[in-house]
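Trainee: Attaching a predicted model along with its sequence, questions to come.
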Amino acid sequence: MAGLAGRPARLLIAALSGVLAVLVGTGVWIAAQARDEQGRAGDKQAALLAAGTHAKNLVSLDHKSVDADLRRILDSSTGAARAEYEANAGKLKSTTVENKVVQQGVLRATGLVSMTGTTARVLVVADVEIRWEGSKSPPQERYYRWQMDLSKVGGLWLVSKVVQVA
């Protein structure tokens with residue numbers, strides 16, 4: 001009879017062990033999902049910040065700091081966008097210096113359109129006031145609306161394409 005009395009206890013222990021295994025597995029799965037969601041949220045924020053920074057770099061140029069300004073534009077870009085900036089850097093620098101251009105830009109808004117893995121598309125709104133040091137011409141205001149494609153390169157979000165939108 002002693003053998004029969006131990007059998008329900010073994011069954012109860014086996015059932016509780018099974019329930020515990022399911023609970024532990026569920027907890028691990030929930031924690032992994034939370035980490036993945038946190039990673040996606042971090043990537044979204046990083047992509048928005050990168051697009052906003054790049055826009056601010058584009059609209060903030062000063063003839064006194066043009067080399068550093070152009071370096072920031074190049075450093076926040078990759079691919080086709082970077083190649084285009086590199087190709088036009090010399091002309092932009094000479095025009096900025098010759099005309100004593102001072103552009104002060106303001107980032108107004110960024111919005112995520114889409115994100116898949118290591119690419120993102122962001123809409124960006126920025127305004128700029130352009131003046132020419134020593135000129136009697138009044139400052140000009142310009143308003144920019146861009147669609148920026150970004151790529152995650154080496155853990156950083158960089159702008160790979162910029163299209164002006166209406």
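Mentor: Arrived safely. Numbering: from 1, shown residues only.

Trainee: Assign the residue most central in space within the chain to helix, strand or coil.
Mentor: For the chain, residue 47 is the residue whose C-alpha lies nearest the centre (CA atoms, centre = their mean; 1.3 Å). The local conformation at residue 47, judged by DSSP: H, G, I helix; E, B strand; the rest coil, is helix.

Trainee: how about it, what does it touch?
Mentor: Residues near residue 47 by CB atoms under 8 Å, 6 or more residues apart in numbering: 112, 115, 120, 122, 150, 152, 157. C-beta coordinates here come from the backbone N, C-alpha and C atoms, glycine included.

Trainee: quick one: which of these is most hemmed in?
Mentor: residue 150 (29 neighbours; other CB atoms under 10 Å).

Trainee: beta partners of it?
Mentor: residue 120, residue 159 (DSSP bridges).

Trainee: how far away is it from residue 98?
Mentor: According to CB to CB, to the nearest Å, residue 150 stands 33 Å off from residue 98.

Trainee: repeat for residue 64
Mentor: From residue 64 to residue 98 the distance is 13 Å (CB to CB).
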